[in-house]
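Undergrad: sharing a model that was predicted from the sequence below.
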Amino acid sequence: MAYGGVILSNSFSFYQKRIVMSSRMQEKNGGASIPHVLSVAGSDSGAGAGIQADLKACAARGVYCSTVITSVTAQNTVGVQAVHAVPEDFVAQQLKSVLSDMQVDVVKTGMLPSVGVVKVLLQSLTELSVRALVVDPVMVSTSGDVLAGPSILSTFREELLPIANIVTPNIKEASALLGGIRLETVADMRNAAELLHALGPRNVLVKGGDLPDSLDAVDIFFNGEHFYELRSSRIKTRNTHGTGCTLASCIAAELAKGSPMLTAVRVAKRYVETALEYSKDILIGNGIQGPFDHLLRLKSGSHSFRRKDAFNPSDLFLYAVTDSGMNKKWGRSVVDAVAAAIQGGATIVQLRDKDAGTKDFLETAKSCLAVCRSHGVPLLINDRVDVALASDADGVHVGQSDMPATVARTLLGPEKIIGVSCKTIEQAQQAWIGGADYIGCGGVYSTNTKANNPTIGLDGLKTVCSASKLPVVAIGGINASNAGTVMEMGVPNLKGVAVVSALFDRENVLAETKKLHALLMEASSSSSKIQ
Ligand SMILES: Nc1ncnc2c1ncn2[C@@H]1O[C@H](COP(=O)(O)OP(=O)(O)O)[C@@H](O)[C@H]1O
Ligand SMILES: Cc1ncc(COP(=O)(O)O)c(N)n1
Ligand SMILES: [Mg+2]
């Protein structure tokens with residue numbers, strides 16, 4: 001058969017296709033090829049299912065995924081609020097753009113909202129050479145919303161299933177494809193798999209995620225000769241939105257890598273089980289069916305976000321540094337003061353207590369951390385790396401006579417934030433080499449909070465900022481009367497101001513923080529206009 005003909009027919013074997021393709025790739029560009037799945041499916045705004053799940057599943061399996069979007073759904077963990085079908089000729093346009101340029105190994109279909117879209121896809125498939133076609137006959141979301149109506153059933157049965165290498169209906173979809181037969185037991189699933197196979201797909205997987213009264217998650221695989229009852233433990237979780245899309249994409253990804261069909265299905269099922277187990281306690285959205293974590297990274301309770309996500313330099317904008325003496329003087333706890341500062345707009349908090357015993361300091365750190373975490377504001381500990389570690393705070397701020405940044409980095413690991421006080425270009429350079437995330441530069445103005453601390457003034461600040469490879473927060477005697485001047489300079493790398501007395505040596509922390517925040521907003525917008 002000539003390359004480029006109708007190659008999804010049974011006459012052209014899986015392995016023959018592979019050989020033709022790899023030689024063509026070498027002819028074309030001589031470079032390394034990467035397994036490639038094309039997903040033709042609907043978009044899910046909540047990103048649990050559909051195209052978004054397909055992209056994540058392929059990424060997790062190490063396979064490239066291009067996407068042709070058939071429909072845009074307004075969807076979340078509660079359900080599907082609206083569906084907007086992409087015009088058929090635009091689906092055709094997307095197919096043309098991808099297929100005229102890229103070598104696709106496996107096509108995976110999800111939501112195909114109309115007969116017209118199925119026909120457009122069929123037309124492309126006849127002109128295309130791919131290793132396999134994986135059909136996930138998406139019809140009704142788990143929330144019960146219709147994604148493709150019964151009008152597509154006959155086109156599915158008569159035209160799409162006969163050219164599929166595998167079709168992966170859930171129980172409801174298998175029933176619909178078979179004219180509404182009852183499907184309540186594993187025996188019913190076997191029967192359905194056999195009947196569906198008779199429609200032409202080379203392999204059938206009837207998924208039992210929604211099988212009532214089943215302790216295991218049982219799927220039936222049938223290849224025309226043998227039945228396989230694929231079982232995994234049923235994970236107790238609400239986060240099963242998108243399991244079907246993910247399973248089909250993972251099968252497609254494994255096929256694209258060259259796996260035989262049964263292996264691909266087994267790997268995919270194991271992957272879904274692992275991802276559900278990992279994600280069982282994750283909380284995203286308020287509905288009954290949440291998404292899960294394809295990349296196994298978001299586990300709740302663990303704060304080990306990747307380092308590049310841990311620190312955002314814009315968090316330095318309004319940096320509140322506590323002082324226990326001042327808060328005591330005004331008759332409030334440090335935790336209450338921190339809560340008020342955050343409410344007023346503080347974007348990062350540093351807990352600074354030069355006198356407290358270790359036990360008390362740790363307790364305060366833990367209480368402040370709870371407040372900060374609930375508002376998504378990072379908490380740093382002044383000087384005390386041990387307290388930062390013990391409380392699991394977000395990082396430390398160290399001075400020139402404290403632990404060097406490089407030692408703190410070794411102790412705290414790559415995830416935590418480290419700030420260093422610097423007055424000179426050399427110190428700023430050293431902080432950068434030592435693995436710090438930002439520098440605090442000052443004292444800009446003289447202050448009562450630090451005795452014998454020479455000031456560097458606005459010129460000194462400018463000099464260090466211009467040479468620094470790290471973001472800078474200005475510190476020292478900054479208050480409502482001079483913060484505007486500091487920020488309006490618009491010097492490079494200066495991200496914000498750190499304040500102690502201007503917030504905490506005042507009666508009303510909330511009002512003072514609000515005032516300063518408003519002032520900084522105004523100053524930074526006018527400095528960006530000047531630049
Ligand atoms: N709670 C669960 N624990 C383990 N596997 C599950 C669970 N729910 C679904 N699965 C598996 O996820 C895959 C998708 O199944 P299913 O939910 O039936 O499809 P769909 O999402 O299309 O309705 C199947 O392999 C199924 O066995
Ligand atoms: C765009 C789109 N495609 C597919 C599904 C099915 O996923 P599920 O059965 O997990 O709701 C969905 N809800 N949305
Ligand atoms: Mg499901």
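TA: Sure thing, it's come through. Ligands and ions are numbered 1, 2, ... in the order given.
Undergrad: residue 140 reaches residue 147, doesn't it?
TA: Yes - the criterion here is C-beta atoms under 8 Å, and residue 140 meets it with residue 147 at 6.4 Å. Every residue, glycine included, has its C-beta placed from N, CA and C.
Undergrad: mind checking pLDDT for the closest residue to residue 197 other than its chain neighbours?
TA: Leaving aside its sequence neighbours, residue 197 sits nearest to residue 204 (C-beta to C-beta, 6 or more residues apart in numbering; 5.0 Å). For residue 204, the pLDDT comes out at 98.
Undergrad: confirm residue 204 sits in a helix?
TA: No - counting by DSSP: H, G, I helix; E, B strand; the rest coil, residue 204 is located in no helix; its state is strand.
Undergrad: that one and residue 198 touch, don't they?
TA: No - Residue 204 lies out of contact with residue 198 (C-beta under 8 Å); the separation is 9.6 Å.
Undergrad: which of these two has more neighbours?
TA: Higher neighbour count among residue 204 and residue 198: residue 204, with 27 against 11, using other C-beta atoms under 10 Å.
Undergrad: which elements pack onto the lengthiest helix in the chain?
TA: Using DSSP state H, we find that the single longest helix of the chain is helix 509-530. Counting contacts by 3 or more C-beta pairs under 8 Å, 6 or more residues apart in numbering; DSSP states H and E, helix 509-530 is packed against strand 318-321, helix 334-344, helix 483-488, strand 494-499, helix 501-504.
Undergrad: out of these, which gets nearest to ligand 3?
TA: Between ligand 3 and the helices and strands packed on helix 509-530, the tightest spacing by C-beta to the ion is seen for helix 334-344, at 39.6 Å.
Undergrad: what's the closest one packed up against?
TA: Using 3+ C-beta pairs under 8 Å, 6+ apart, the elements in contact with helix 334-344 are strand 318-321, helix 324-329, strand 348-351, helix 358-375, helix 501-504, helix 509-530.
Undergrad: make JSON lines out of these and add mean pLDDT, mean neighbour count and distance to residue 251.
TA: Converted to JSON lines, the helices and strands packed on helix 334-344 look like this (pLDDT from 0 to 100; neighbours: other C-beta atoms under 10 Å; distance: least, C-beta to C-beta, whole Å):
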{"stretch": "strand 318-321", "mean pLDDT": "98", "mean neighbour count": "26", "distance to residue 251": "50"}
{"stretch": "helix 324-329", "mean pLDDT": "90", "mean neighbour count": "16", "distance to residue 251": "59"}
{"stretch": "strand 348-351", "mean pLDDT": "98", "mean neighbour count": "28", "distance to residue 251": "45"}
{"stretch": "helix 358-375", "mean pLDDT": "95", "mean neighbour count": "17", "distance to residue 251": "39"}
{"stretch": "helix 501-504", "mean pLDDT": "96", "mean neighbour count": "24", "distance to residue 251": "57"}
{"stretch": "helix 509-530", "mean pLDDT": "83", "mean neighbour count": "16", "distance to residue 251": "50"}
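Undergrad: and those: which comes nearest ligand 2?
TA: Closest approach to ligand 2 among these (C-beta to the nearest ligand atom): helix 358-375, 30.6 Å.
Undergrad: got the angle between that closest one and helix 334-344?
TA: Using axes from the mean of the first three to the mean of the last three C-alpha atoms, to 10 degrees, the inter-axis angle of helix 358-375 relative to helix 334-344 is 20 degrees.
Undergrad: what comes into contact with helix 358-375?
TA: For helix 358-375, contacts defined as C-beta atoms under 8 Å, 6 or more residues apart in numbering pick out 322, 334-335, 338-339, 342, 349, 351, 353, 356, 378-379, 381, 384, 386-388, 390-394.
Undergrad: can you dump the C-alpha coordinates of that helix into PDB?
TA: Output in PDB follows, covering the C-alpha atoms of helix 358-375 (Å, rounded to 0.1, in the frame of the first residue of the first chain):
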ATOM      1  CA  THR A 358      13.900  29.500  71.300                       C
ATOM      2  CA  LYS A 359      10.800  27.800  72.600                       C
ATOM      3  CA  ASP A 360       8.700  31.000  72.500                       C
ATOM      4  CA  PHE A 361      10.100  32.100  69.200                       C
ATOM      5  CA  LEU A 362       9.200  28.700  67.600                       C
ATOM      6  CA  GLU A 363       5.600  28.900  69.000                       C
ATOM      7  CA  THR A 364       5.200  32.400  67.600                       C
ATOM      8  CA  ALA A 365       6.600  31.300  64.300                       C
ATOM      9  CA  LYS A 366       4.100  28.500  64.000                       C
ATOM     10  CA  SER A 367       1.200  30.700  64.900                       C
ATOM     11  CA  CYS A 368       2.300  33.400  62.400                       C
ATOM     12  CA  LEU A 369       2.900  30.800  59.800                       C
ATOM     13  CA  ALA A 370      -0.700  29.600  60.100                       C
ATOM     14  CA  VAL A 371      -1.900  33.200  59.500                       C
ATOM     15  CA  CYS A 372       0.500  33.700  56.600                       C
ATOM     16  CA  ARG A 373      -0.300  30.400  54.900                       C
ATOM     17  CA  SER A 374      -4.000  31.100  55.000                       C
ATOM     18  CA  HIS A 375      -3.400  34.300  53.100                       C
END
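Undergrad: so how far is that helix off the chain centroid?
TA: Helix 358-375 has its C-alpha centroid displaced from the chain centroid by 28 Å (C-alpha atoms, centre = their mean, to the nearest Å).
Undergrad: distance check, the one residue in the stretch 251-400 of the chain that gets nearest to ligand 2 against residue 209.
TA: Of all residues in the stretch 251-400 of the chain, residue 289 sits closest to ligand 2, at 7.0 Å by C-beta to the nearest ligand atom. Look at residue 289 and residue 209: by C-beta to C-beta, to the nearest Å, they are 11 Å apart.
Undergrad: kindly report the residues of the stretch 1-150 of the chain close to ligand 1.
TA: Residues of the stretch 1-150 of the chain lying close to ligand 1 (C-beta under 6 Å from any ligand atom) are residue 142.
Undergrad: now the stretch 1-150 of the chain, which segments are flagged as low pLDDT?
TA: Scanning the stretch 1-150 of the chain for pLDDT under 70 picks out 1-30.
Undergrad: okay, strands next: where are they in it?
TA: Using DSSP state E, counting those that start in this stretch, the strands of the stretch 1-150 of the chain run over 36-44, 64-75, 80-85, 106-109, 132-135.
Undergrad: ok, which of the ones you listed comes nearest ligand 3?
TA: Ligand 3 lies closest to strand 36-44 among the strands of the stretch 1-150 of the chain, at 12.7 Å (C-beta to the ion).
Undergrad: in its sheet, what does the closest one sit against?
TA: strand 64-75 (parallel), strand 106-109 (parallel) (DSSP bridges).
Undergrad: does ligand 2 sit close to it?
TA: Yes - contact between strand 36-44 and ligand 2, assessed by C-beta under 6 Å from any ligand atom, occurs at 41, 42, 43, 44.
Undergrad: break this structure into its domains for me.
TA: Structural domains annotated on the chain: 34-299, 313-528, as defined by the TED database.
Undergrad: I'd assumed residue 430 was in contact with residue 468.
TA: No - checked against C-beta under 8 Å, the pair residue 468 and residue 430 is beyond contact range at 11.2 Å.
Undergrad: what do these two both touch?
TA: Both residue 468 and residue 430 are contacted by residue 422, under the criterion C-beta under 8 Å, 6+ apart.
Undergrad: what about those two, which has more around it?
TA: Set side by side, residue 468 and residue 430 show more neighbours around residue 468, with 23 against 18, by other C-beta under 10 Å.
Undergrad: pLDDT at the nearest residue to that one once chain neighbours are set aside, what is it?
TA: Spatial nearest neighbour of residue 468, chain neighbours left out: residue 428 (4.5 Å); criterion: C-beta to C-beta, 6+ apart. Confidence at residue 428, expressed as pLDDT, is 95.
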